[in-house]
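Trainee: mind folding the following:
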Amino acid sequence: MSDSESGKLRIAVLFGGRSVEHEVSIISALQAVQNMDTEKYIITPLYMTKEANMYVGEDIGKIEAYKDIPSLLSRSTRVIFVHEETGVYLTPYPVKKVGLFGRKEEDIPVDLVFPVVHGTNVEDGTLQGYLKTIGVPFAGCDVTPSCLGMDKYASKVILKENGVPVLDGFVYTLSDYADMEHMLDSIENNVGYPVIIKPYDLGSSVGISVARDRDALVNSVNDAFRYARRIIAEHAITKLREINCAVLGDDSHAEASECEEPLHTADILSYADKYEGNGGAKGAKGGAKSGSTGAKSGSMATSVQRKLPAELSPEQREEVRNMAVKAFQVLGCSGVARIDFMIDEETGKLYLNELNTIPGSLAFYLFEPLGIPYKKLIDRIVDLAMKKSREDEALTFSFDTNILANASFGGVKK
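Mentor: Residues are numbered from 1 along each chain as shown. The predicted structure follows:
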């Protein structure tokens, strides 16, 4: 499928989208583009606006251009995916007159889509389902694990069923929200204080907060429902250590990264801690060194204060890493994912908090200490994607039938 003349794989790096994590996606994606091997790949940065329109252009891959997005779009080309017998293409939209052999010179052939997207409508299986429907191979998790990674409650149920320790969570919907007092009573009775409230399907700590009394609980619930139709309430660990570990692989083989301990300014690691800090690599013990990787200021890799590696005993480190791999494979993940854990220092118990199927900065900084540089990490993700594509091609999705030849609407009512 690669370019016949150059032998290079043609990759569209897709980012942005209709998500509250839109800006984070731009940073993560362009950071990834900088670290892709141009000797192996022909790379097309593909920006999706918050209205879900896609654009390519000379400046789409330049981070400084996003200071003025309307201006950027005015000098870029809107495109759509088109699947033809010869492959999948990005073609200018509105579609112009078709050229020789049914294609236009402006069409961009695509062998693989590399999504670097975060949040609802893009990371949650929605985009993955679209890419699968049009028949273009894509990197990362398939539809179902992408959905499960974003649905915090569904993933809890599956992980708990498979012996992975998680905190019990209680789900509340917009119908519950309509009777606020009853819902607050329910949360107090089921969970008590302190309680952590979170949207069921967001990342980057958006809409997440801890409440220690009823007034704070009202504020937390109101904030969480700004971002989702369902929220989760769970016990907030008082003496908490957060430990993160990434996993690279698929259901047949997966390996864990080094462990990190992100440091934060409040009860939880906030959006500001993650993306608006002053450069965690400089201030954290063993912080990620990003100068040689092309990491941009404001990325997850450079903004979080962290201990890397985390200060864990050898036994604790292996427990985290083994549990990360187990969770990754139980949910059917592929590519790279970051798994976030919690340690209750009062009991010493380890709990899995959530799984991020497309982590910020692709968690490259967690693999570097184990001898996997960013460029090699991307190569591994691409290889896994092409392996998944070959396996999908071997499956049967349709078969010849004469059912329509004999179809009749005469008995519909019966």
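Trainee: where do the strands sit along the stretch 151-300 of the chain?
Mentor: For the stretch 151-300 of the chain, the strands defined by DSSP state E, counting those that start in this stretch cover 169-173, 195-199, 209-211, 230-235, 240-249, 254-263.
Trainee: which one of the ones you listed lies nearest to residue 84?
Mentor: strand 240-249 (33.0 Å; CB to CB). C-beta here means a position set from N, CA and C on the backbone, and glycine is covered the same way.
Trainee: which secondary structure element of the chain has the lowest mean pLDDT?
Mentor: helix 280-283 (a mean of 36; mean pLDDT, DSSP states H and E).
Trainee: just to revisit the earlier point, can I get the strands of the stretch 151-300 of the chain in JSON lines with distance to residue 34?
Mentor: Listed next are the strands of the stretch 151-300 of the chain as JSON lines, based on distance: least, CB to CB, whole Å:
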{"stretch": "strand 169-173", "distance to residue 34": "38"}
{"stretch": "strand 195-199", "distance to residue 34": "31"}
{"stretch": "strand 209-211", "distance to residue 34": "34"}
{"stretch": "strand 230-235", "distance to residue 34": "36"}
{"stretch": "strand 240-249", "distance to residue 34": "19"}
{"stretch": "strand 254-263", "distance to residue 34": "20"}
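Trainee: bridging residues for residue 46?
Mentor: Taking DSSP bridges as the rule, residue 46 bridges to residue 14.
Trainee: would you agree it is in contact with residue 11?
Mentor: No: at 9.6 Å, residue 46 and residue 11 do not qualify as touching, with contact defined as CB atoms under 8 Å.
Trainee: which neighbours do these two share?
Mentor: Counting by CB atoms under 8 Å, 6 or more residues apart in numbering, the contacts common to residue 46 and residue 11 are residue 113.
Trainee: which SS class is the most centrally placed residue in the chain?
Mentor: In the chain, the residue lying closest to the centroid (CA atoms, centre = their mean) is residue 358, at 2.7 Å. At residue 358 the chain is in coil, as set by DSSP: H, G, I helix; E, B strand; the rest coil.
Trainee: residue 372 too?
Mentor: Using three-state DSSP, the structure places residue 372 in coil.
Trainee: that one and residue 380 touch, don't they?
Mentor: Yes: between residue 372 and residue 380 there is a contact under CB under 8 Å: 7.4 Å.
Trainee: can you give me the helices in this protein?
Mentor: Assigned by DSSP state H, the helices in the chain fall at 22-34, 69-74, 126-134, 143-150, 152-161, 174-177, 180-190, 214-224, 271-275, 280-283, 300-303, 314-330, 364-367, 374-393.
Trainee: lowest-confidence stretch among those?
Mentor: Ranked by mean pLDDT, the helices of the chain end with helix 280-283 in last place, scoring a mean of 36.
Trainee: picking that back up, excluding chain neighbours, what is closest to the residue nearest to the centre of the chain?
Mentor: residue 123 (5.2 Å; CB to CB, 6 or more residues apart in numbering).
Trainee: I'd guessed that neighbour sits against residue 150; true?
Mentor: Yes: using CB under 8 Å, residue 123 is in contact with residue 150, at 6.0 Å.
Trainee: name the nearest residue to residue 194, ignoring sequence neighbours.
Mentor: Beyond its immediate neighbours in the sequence, the residue positioned closest to residue 194 (CB to CB, 6+ apart) is residue 236, lying 4.0 Å away.
Trainee: ok, that neighbour to residue 59 distance?
Mentor: Relative to residue 59, residue 236 is positioned 44 Å away (CB to CB, to the nearest Å).
Trainee: which one of these two is surrounded by more residues?
Mentor: More crowded of residue 236 and residue 59, by other CB atoms under 10 Å: residue 236, with 21 against 16.
Trainee: OK, contacts around that one?
Mentor: Here residue 236 is in contact with 194-196, 210, 267 (CB under 8 Å, 6+ apart).
Trainee: and the residues you listed, which two are furthest apart?
Mentor: 195 and 267 (10.9 Å).
Trainee: higher neighbour count, these two?
Mentor: residue 195 (23 against 17).
Trainee: list the contacts of the more buried one.
Mentor: When contacts are counted by CB under 8 Å, 6+ apart, residue 195 touches 187, 210-211, 217, 220, 233-236.
Trainee: of the strands of the stretch 151-300 of the chain, which approaches residue 131 most closely?
Mentor: Going by CB to CB, the one of those nearest residue 131 is strand 240-249, 20.7 Å.
Trainee: partners of the closest one in the sheet?
Mentor: Counting by DSSP bridges, strand 240-249 is paired with strand 254-263 (antiparallel), strand 335-344 (antiparallel).
Trainee: nearest to residue 24, of those strands?
Mentor: Distance to residue 24, taken as CB to CB, is lowest for strand 335-344 among those, at 13.4 Å.
Trainee: and the closest one, which residues are buried?
Mentor: Using 16 or more other CB atoms under 10 Å as the test for burial, strand 335-344 gives 335-344.
Trainee: cool, stretch 320-333 as well?
Mentor: Residues of stretch 320-333 classed as buried by neighbour count (16+ other CB under 10 Å): 320-321, 323-333.
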